[in-house]
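Participant: I'd like to go over a predicted model; first the sequence, then the structure.
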Amino acid sequence: MESLVERAARDLVNSKHAIVLTGAGISTESGIADFRGPSGIWTRDPDAEKRAYQIYGKFLANPKEYWEERLTGPSLLGDLTKVEPNPGHYALAELESMGILKCLITQNIDNLHRRAGSRNVLEYHGNACRLRCSSCNARFDLEEYDLEKLREEGKLPPLCQKCGGTIKSDVVHFQEPIPSDVAHQSLEEAWKCDLMLICGTSAVVYPFANLPRTARDRKIEKEKSESNLYVVEKIPAVTIVEVNADATPLTYEQISDYLIQRRTGEVLPKIAERVRKARE
Ligand SMILES: [Zn+2]
């Protein structure tokens, strides 16, 4: 394992535009249940998954009722203020502050990357601690709206402070398209990066799963001399490094160049430490 950690640190130091993709695996180490794992939220309660498929339709048809249910029903992930970022989150924030990681794209909705200090974060499936305007995509912190008061006064749904559009949770519900700004910026990053670090996700949920595959398909042309002839060969434009507790379809399909098969909370701090030393 040590040599792969060394290799990942070296690849990061040598990169020009490194980005990271994260998924549920990095948050389960903070005690947040995943959705589809053996003790995942949907695995334990298939009816909750069926209900989740109705939520976006409810918002479109009756946003007032959507909000009434959200404010009175149980929260799927529990109280997010009671969980803390773990060493994996902090290591990624440190790699960004060192100027190594340029962008973090996460499937997680738990806000833990921002709380750990990551700044350039694209929340592909939204953020449970934020609200989003369904018309103009403006994001608001939960504290910017007194939702309980609006409910008591019969003024739900909340309306956008910028355009007057209807506000929903920033979380992307089943059936709801990925917000166009995040989808666009994420794809741009996948086109731009020369190193992609993938942490705690098997990247099987589309369209997120397109990001590593898009990066893998990119080739650059490189000249090489072969018995006094110059030939142009096409080589992969991106190095893809996986940190996952188990091998994933990215491993089997050889989308990743190599897998560091350990918990993210264990490996990422080691990588960050080596990068820090290499730059001293
Ligand atoms: Zn708006």
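Facilitator: Sure thing, it's come through. Residues are numbered from 1 along each chain as shown.
Participant: Could I get the full set of helices for this protein?
Facilitator: With DSSP state H as the definition, the chain shows helices at residue ranges 2-14, 24-28, 41-44, 46-61, 63-72, 87-97, 112-116, 147-152, 180-192, 210-217, 249-252, 264-278.
Participant: tell me, what residue is most central in the protein?
Facilitator: residue 106 (0.7 Å; C-alpha atoms, centre = their mean).
Participant: isn't that residue right next to residue 121, touching?
Facilitator: Yes: taking contact to mean C-beta atoms under 8 Å, the distance of 6.6 Å between residue 106 and residue 121 places them in contact. In short, each C-beta sits where N, CA and C put it, glycine included.
Participant: Pull up the overlap in contacts between those two.
Facilitator: Shared between the contact lists of residue 106 and residue 121 (criterion: C-beta atoms under 8 Å, 6 or more residues apart in numbering) are residues residue 113.
Participant: From the ion, how far off is the closest residue in space to residue 26 that isn't next to it in sequence?
Facilitator: Nearest residue to residue 26, sequence neighbours excluded (C-beta to C-beta, 6 or more residues apart in numbering): residue 200, at 3.8 Å. In this view, residue 200 and the ion are 32 Å apart by C-beta to the ion, to the nearest Å.
Participant: try residue 187
Facilitator: For residue 187, the distance to the ion equals 23 Å [C-beta to the ion].
Participant: Verify the contact between that residue and residue 211 for me.
Facilitator: Yes: with contact defined as C-beta under 8 Å, residue 187 and residue 211 form a contacting pair (7.2 Å).
Participant: give the contact list for the residue nearest to the centre of the chain.
Facilitator: Going by C-beta under 8 Å, 6+ apart, the list of residues near residue 106 reads 21, 22, 23, 113, 121, 122, 123, 124.
Participant: Which single one of those is nearest to the ion?
Facilitator: When these are compared for distance to the ion (C-beta to the ion), residue 123 comes out closest, at 17.6 Å.
Participant: hey, what's the nearest residue to the closest one once chain neighbours are set aside bridged with?
Facilitator: Leaving aside its chain neighbours, residue 123 sits nearest to residue 106 (5.9 Å; criterion: C-beta to C-beta, 6+ apart). The residues paired with residue 106 through beta bridges, assigned by DSSP bridges, are residue 22, residue 123.
Participant: Quick one: residues contacting the residue lying closest to residue 20 once chain neighbours are set aside.
Facilitator: Sequence neighbours aside, residue 197 is the residue nearest to residue 20 in space, at 4.3 Å (criterion: C-beta to C-beta, 6+ apart). Counting by C-beta under 8 Å, 6+ apart, residue 197 touches 8, 12, 18, 19, 20, 21, 101, 241, 243.
Participant: confidence score at the last one?
Facilitator: Pointing back at residue 243 there. With respect to pLDDT, residue 243 scores 97.
Participant: And for the second one?
Facilitator: Residue 12 is assigned a predicted lDDT (pLDDT) of 98.
Participant: from what I can see it touches residue 271, true?
Facilitator: Yes: checked against C-beta under 8 Å, the pair residue 12 and residue 271 is within contact range at 7.0 Å.
Participant: which neighbours do these two share?
Facilitator: Taking C-beta under 8 Å, 6+ apart as the contact definition, residue 12 and residue 271 share the neighbouring residues residue 95.
Participant: More neighbours: these two, which one.
Facilitator: For the pair residue 12 and residue 271, the greater number of neighbours falls to residue 271 (27 against 23), based on other C-beta atoms under 10 Å.
Participant: and the gap between residue 265 and the ion?
Facilitator: Counting by C-beta to the ion, the separation of residue 265 from the ion is 38 Å.
Participant: Give me the neighbour count for that residue.
Facilitator: Residues near residue 265, counting by other C-beta under 10 Å: 21.
Participant: that older thread, for beta bridges, what are the partners of the residue nearest to residue 20?
Facilitator: Beta bridges link residue 197 to residue 20, residue 241 when assigned by DSSP bridges.
Participant: Write out the residues of the protein neighbouring the ion.
Facilitator: Proximity of the chain to the ion is assessed by C-beta under 5 Å from the ion, with 133, 135, 136, 138, 160, 162, 163, 165 identified as the residues in range.
Participant: Buried subset of the residues you listed, written for PyMOL?
Facilitator: Here is the PyMOL command that selects only those of those that count as buried (16 or more other C-beta atoms under 10 Å):
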select buried, resi 133+160+165
